[in-house]
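# what follows is a predicted protein model with its sequence.
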Amino acid sequence: METYEVELDLETKHLNQVIAIAEEQWQDIRKKNGEQQSDFMEAKRELWENSSHSISNLWSKDRFYELVALNQYGSAVSSQLSVLEQDENKMRALEKMMDSPYFARIDFQFQGETESEPIYIGRASLIDEKDVTIYVYDWRSPLASVFYRFGIGEAFYDAPKGRISGKVHLKRQFEIHRGTLDYFFDADVQIMDEFLRRLLSQNASTKMKAIVETIQKDQDLIIRDMENDLMMVQGVAGSGKTSVALHRVAYLMYQGLSAKLSAHNIIIISPNSLFEQYISNVLPELGEDHVESVNFDDVLQTILPSLLIQKRHQLLEGLLTCDDPDKFRLMKKSVAFKASPEFKEILERFIEDIPRKWLEFSDIDYDGTCIASRDLLKMTVLQQKKAMPLGLRLQRLEESIFKDIQKMRKARMKKLKEFVRTYPQHVYEVEEFARLLSIDESTELAHRIQQFTKLDVYAYYKKLFSNLNYFCRLAEGISLPEDMDLIFKNTQENLKGDQIPLEDGLALAFLQLRLYGFQYGKFIKQVVVDEAQDYYPLHFELLQMLFPQARYTILGDIYQTIEKPEAMDFFDEINKILDKKRSVLITMNKSFRCTNEILDFSKRFLQKESEIQSFSRSGRVPEIYEARNQEGLDELLIKEIQLCREENYQSVGLLCKTERDAMAVYQRLKDRLEIRCINSDAIADIRGVCILPLYMAKGLEFDAVLLCDTDGEHYTTEADQQLLYIGCTRALHRLNLFYTGQKSPLLG
Ligand SMILES: Nc1ncnc2c1ncn2[C@@H]1O[C@H](COP(=O)(O)OP(=O)(O)OP(=O)(O)O)[C@@H](O)[C@H]1O
C-alpha cells in the first residue's frame, strides 16, 4: 500500500475509536439524564400539587409559610433543571463530536522526552475521566496554540505552570464529515494557504461561520491575549475582525472556567440587529451560548427608558437623504460636537453648576418651624463629598429631611393623642384633622422637597441650552465649533420635538450616568465592541461609566466610517478615555473576504494609501454598467441577478445608498423577482437576493454585490467615497456597479 493509504487506514481506525468513546459518553449521559428527567417531572408535579390551590393569594401574611414551602420546592426544581441543562449541553457537544471530533493533529515532542505524542485538536475536548486520557484537545487549550503558531520544528506554548518547549514533528489537517474521514493532508505553510484559499472560494453561507480550523497566527495572538486590559484592533475590511472578536469571546469563556467568567460577564456591542443575527451562529457553533449582544440604541434605551431617542439608522438616513447642504453640514457638525471630548467637558462643568445655579432650594417648614433653610440645604449639598453622584447625594438629603419630619410628626401625633385623652368629646374632629394634615403635608411637602432633590435629566439638559451666553461662559477656554450659535439654536428647536436627536441622547445618557451612576454593569468583566470606528468619544465615555471594571476588546477600521471623517488618532482617543493599565493596538492588513480583483477595485475609494493586502485569491474583474434609463437599469439588474443564481450564490446583495433608494429599487423589481428588502428594524438573515441600504450592510458579506445608482447624483463627496469602499468590500466573489445618467466622478 502507498504511504498515504497506510496512514489513511490508521487515521480512520483512530477516528472510529474516538467516535466510539464519544458515543459511549453520550449513552452514559442519556441514561443518567433519563433518570433525572423522571425525578424532575416528579418534583414539578409536587410543586404543582402543593401550590395550585393556594397560589391566588400567596403574598398575604398568612400564606407566608406556604410561600417558603413553595420556594423550597422551586429551588429543588431549578437546581435539577440546571443539572439537566448541563447534561443536555454535554450531549449536544458529544453529538457534534460524533460527527467530527477533531480537525487537526500535531505530533509534539516535549523537551526531555524521546518520542513525540500525537495531539488531536477539535472544537471541544474529549477526556476519559476515569484514567484522564485526553483524546481530543480543545482548540483553546494552551497546547493547541502550537498548531496555530508554529510549523515543523522548535515550538513552545504557555501553560498555567509556565512555558513548555518542544518540537513539532508533524502537522496534519483533516476533513471529517458525518463520522467519516474524507481526506487528510500534512501541512506546511503553502498547503495550508491552499486549503484556506479553497475554503474562501466557497459560496458564503447566510450566517457567519466559525474559523477554528484556519485561524492565522496574528489572529491567534489577538484571540488568546490575556495580558492587556484594553485590546484594540485596527483591521482592514475582511481581515477577520468580527471572526477574531467572536473566537476571542469563546476563548475568554474557556479561560473563564478558572477565572469564574461566565456568559453573563461578557457583552458584545454590535452595530445593529441585522448584524447580531448574522453573527448569532458563531458562538453556539463553538459550544458557547447565552453571550449577550446588544447595540448602542438598546444601551441608550436602557439608560433612558422614558425618552424617545433617535436610532442610529434614523440619523444616518436623515443625513444621507438631506437635500439642503446647509442643514446637512449643520447636522454633521452638531453630531461631531456633541459627541466630542469638548462637549463632554462642558457637560461636566454643567453638572458642577447644577447645585450652584439650577437647583431650586426652598425653606422646609413643618408645623410652623423652619427645619431646614434654603441656604443651609444648598450649603450642605455643595459641601458633600463629590465621590457620590449628585443625584444620589440629593436622594440621601431627601431621605434625611423626611426622617426629621417623621420624627416631628410622631411627636405631634403624640400631643394630639394626649389632647384626645383629656377631651374625649373631640375625638372625631381631631382624628379627621390628623388624617387631613398628614395627607396634605405629605403631598405638599414632598412636592416642595422633590423640587430640588429629584433631577429630571431632560429638563436640566434643556436648561443647558436655555441661554447662549450662559453656555459660552460655561465653555470658557474650550474651543467651540465656528457656528456654535447655529448648533445652539438648532438644539433648542430639536428639544421641542417628540424625538430626541441621537447626539443629544448620548449627552443625556452621559448626564444620567454622571448624576445617578449605573449599578448593573459591574458584573460585566469583558466588553467586546465591533465596528468601533463609528463610535464617537462620548460613546466610549458611556461605556467606561457603564462597565468601569471590565476589560475591553475594541475592533474597527478607520477607513470604514460613515458620515464621520476617518481619524488617525481614533485609537489614541479610546486609550485615553478607557484609561486601562495595559493596552495594545494591533493592526491586521490582510483581507480574507474579497478576491484580488475586488480588492484592487475597492482600493480606488480609499482616500489614503492603505496597507491592505489580499489573501491572493483570483476572480473576475468588477464591471461598471451604464443603462440609458431606469427601465434599462432594471433590466441589467435582473440579468445580473439571474447570472448570480446560475452561479448558485447563496447571498446576493443589492446595495443602495439609502433606505429610501432601496425601497424604490424594491418597488420596481418586487413583482419580477423573488427579492427581499431589508429595512432598518429587520431581524432577518441575508439569504437569497436582498436589497438594503449600505449602512445596514456594514460588517456583512455577500457572494455577489450589485451596487445600485452609482451615478453622479448619489455619489459625489468624500463621505460617499467611503460608502462606496464599504459597499465594494462586502463582495466575496462578484462585484458589479450600475448607474444611469451621469457616472459618479468617484468611479474614475
Ligand atoms: N483565518 C480565517 N480563516 C477562514 N476564514 C477567515 C479567516 N479570517 C477571516 N475569514 C473570513 O473572512 C471573511 C471576513 O471576516 P470578518 O467579517 O470577520 O472580517 P472583518 O474584518 O470584520 O470585516 P469588515 O470590517 O469588512 O466587516 C469572513 O468570511 C471570515 O469567515
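Now that the structure is in, tell me what you want to look at.
# residues near whichever residue of the stretch 501-650 of the chain sits closest to the ligand, how many?
For the stretch 501-650 of the chain, the residue closest to the ligand is Phe592, as judged by C-beta to the nearest ligand atom, at 3.5 Å. C-beta coordinates here come from the backbone N, C-alpha and C atoms, glycine included. A count of nearby residues for Phe592, using other C-beta atoms under 10 Å, gives 21.
# spatially nearest residue to it (excluding sequence neighbours)?
Among residues not flanking Phe592 along the chain, Phe615 sits closest, at 4.9 Å (C-beta to C-beta, 6 or more residues apart in numbering).
# quick one on the thing from earlier: quick one: contacts for the residue of the stretch 501-650 of the chain closest to the ligand?
Leu196, Leu200, Gly238, Ser239, Gly240, Phe615 (C-beta atoms under 8 Å, 6 or more residues apart in numbering).
# per-residue pLDDT of Asp681, please?
Per-residue confidence (pLDDT) for Asp681: 65.
# same question for Ser258.
At Ser258, pLDDT is 58.
# ok, now the one 3 residues further on?
The pLDDT attached to Leu261 in the predicted structure is 70.
# the closest residue to it other than its chain neighbours: how many residues sit nearby?
Excluding its sequence neighbours, the residue lying closest to Leu261 (C-beta to C-beta, 6+ apart) is Lys525, at 5.8 Å. Neighbours of Lys525 under the rule other C-beta under 10 Å: 19.
# so what's Lys525 up against?
Leu261, Asn265, Ile266, Gln549, Ala550, Arg551.
# apply 6 Å and report the result again.
For Lys525, the contact set (C-beta atoms under 6 Å, 6 or more residues apart in numbering) comprises Leu261, Asn265, Ala550.
# got the contacts of Phe592 as a markdown table, with pLDDT and secondary structure columns?
A markdown table is the format used below for the contacts of Phe592 (pLDDT from 0 to 100; DSSP: H, G, I helix; E, B strand; the rest coil):
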| residue | pLDDT | secondary structure |
| --- | --- | --- |
| Leu196 | 82 | helix |
| Leu200 | 81 | helix |
| Gly238 | 95 | coil |
| Ser239 | 95 | coil |
| Gly240 | 96 | coil |
| Phe615 | 80 | coil |
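# which one of those residues is nearest to Glu113?
Leu196 (31.7 Å; C-beta to C-beta).
# to what extent is that closest one buried, counted in neighbours?
17.
# where does pLDDT dip in the stretch 351-500 of the chain?
In the predicted model, the stretch 351-500 of the chain carries pLDDT under 70 at residues 430-442.
# what about the strands in the stretch 551-700 of the chain?
Using DSSP state E, counting those that start in this stretch, the strands of the stretch 551-700 of the chain run over residues 551-556, 583-588, 590-591, 613-614, 623-627, 651-656, 676-677, 688-693.
# mind checking the SS state of Arg172?
strand (DSSP: H, G, I helix; E, B strand; the rest coil).
# residue boundaries of the strands in the stretch 101-250 of the chain?
104-110, 117-122, 126-128, 133-138, 153-159, 162-177, 180-186, 230-235.
# filter the contacts of Phe592 to the buried ones?
Applying 16 or more other C-beta atoms under 10 Å to the contacts of Phe592, the neighbour count classes Leu196, Leu200, Gly238, Ser239, Gly240, Phe615 as buried.
# closest to the ligand out of those residues?
Gly240 (3.1 Å).
# what is the neighbour count of the nearest residue to Arg140 once chain neighbours are set aside?
Leaving aside its sequence neighbours, Arg140 sits nearest to Tyr254 (C-beta to C-beta, 6+ apart; 4.0 Å). For Tyr254, the count of nearby residues is 20 (other C-beta under 10 Å).
# how much space between Asn490 and Pro501?
Distance, Asn490 to Pro501, by C-beta to C-beta, to the nearest Å: 9 Å.
# neighbour count: the two, which is higher?
Shown here are Asn490 and Pro501; by other C-beta under 10 Å, Pro501 has more neighbours (22 against 18).
# picking up where we left off before, so which of the strands of the stretch 101-250 of the chain is nearest the ligand?
Among the strands of the stretch 101-250 of the chain, strand 230-235 comes nearest to the ligand, with 4.7 Å by C-beta to the nearest ligand atom.
# that closest one packs against which elements?
strand 551-556, strand 583-588 (3 or more C-beta pairs under 6 Å, 6 or more residues apart in numbering; DSSP states H and E).
# list the buried ones in the last one?
By that I understand strand 583-588. Result for strand 583-588 [16+ other C-beta under 10 Å]: buried residues Ser583, Val584, Leu585, Ile586, Met588.
# farthest-separated two in these?
Between all members of these, the farthest pair (by C-beta to C-beta) comes out as Ser583 and Met588, at 17.0 Å.
# centre of the chain to stretch 649-662, how far?
Mean C-alpha position of stretch 649-662 versus that of the full chain (C-alpha atoms, centre = their mean, to the nearest Å) differs by 24 Å.
# thinking again about what came up before, may I see the buried residues of strand 583-588 organised as JSON lines, with distance to the ligand and pLDDT added?
Listed next are those as JSON lines, based on distance: C-beta to the nearest ligand atom, whole Å; pLDDT from 0 to 100:
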{"residue": "Ser583", "distance to the ligand": "20", "pLDDT": "96"}
{"residue": "Val584", "distance to the ligand": "18", "pLDDT": "96"}
{"residue": "Leu585", "distance to the ligand": "15", "pLDDT": "96"}
{"residue": "Ile586", "distance to the ligand": "12", "pLDDT": "96"}
{"residue": "Met588", "distance to the ligand": "7", "pLDDT": "95"}
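# so what's the closest residue to the ligand within the stretch 1-150 of the chain up against?
Proximity of the stretch 1-150 of the chain to the ligand (C-beta to the nearest ligand atom) peaks at Tyr148, 9.4 Å away. Shown in contact with Tyr148 (C-beta under 6 Å, 6+ apart): Ile215, Asp220.
# same deal with Asp87?
Ile29, Asn33.
# and Phe150, by the same measure?
Counting by C-beta under 6 Å, 6+ apart, Phe150 has contacts Val168.
# let me know the pLDDT of it.
Value listed for Phe150 in the pLDDT field: 93.
# what of Arg45?
65.
# so how far is the ligand from Glu317?
Distance of Glu317 to the ligand, given as C-beta to the nearest ligand atom, to the nearest Å: 20 Å.
# quick one: mean pLDDT for the helix or strand containing that residue?
In the assignment (DSSP states H and E), Glu317 maps to helix 312-320. The average of the pLDDT scores along helix 312-320 is 93.
# run a quick neighbour tally on the nearest residue to Pro271 once chain neighbours are set aside.
Leaving aside its chain neighbours, Pro271 sits nearest to Glu531 (4.5 Å; criterion: C-beta to C-beta, 6+ apart). Burial measure for Glu531: 23 neighbouring residues, criterion other C-beta under 10 Å.
# separation between Glu531 and Ser116?
From Glu531 to Ser116 the distance is 43 Å (C-beta to C-beta).
# and what of Pro501?
64 Å.
# do you know the pLDDT at the residue nearest to Arg140?
89.
# immediately after the helix or strand harbouring Gln450, which helix or strand?
Using DSSP H and E, Gln450 sits in helix 427-453. Next helix or strand after helix 427-453 toward the C-terminus (DSSP H and E): helix 457-464.
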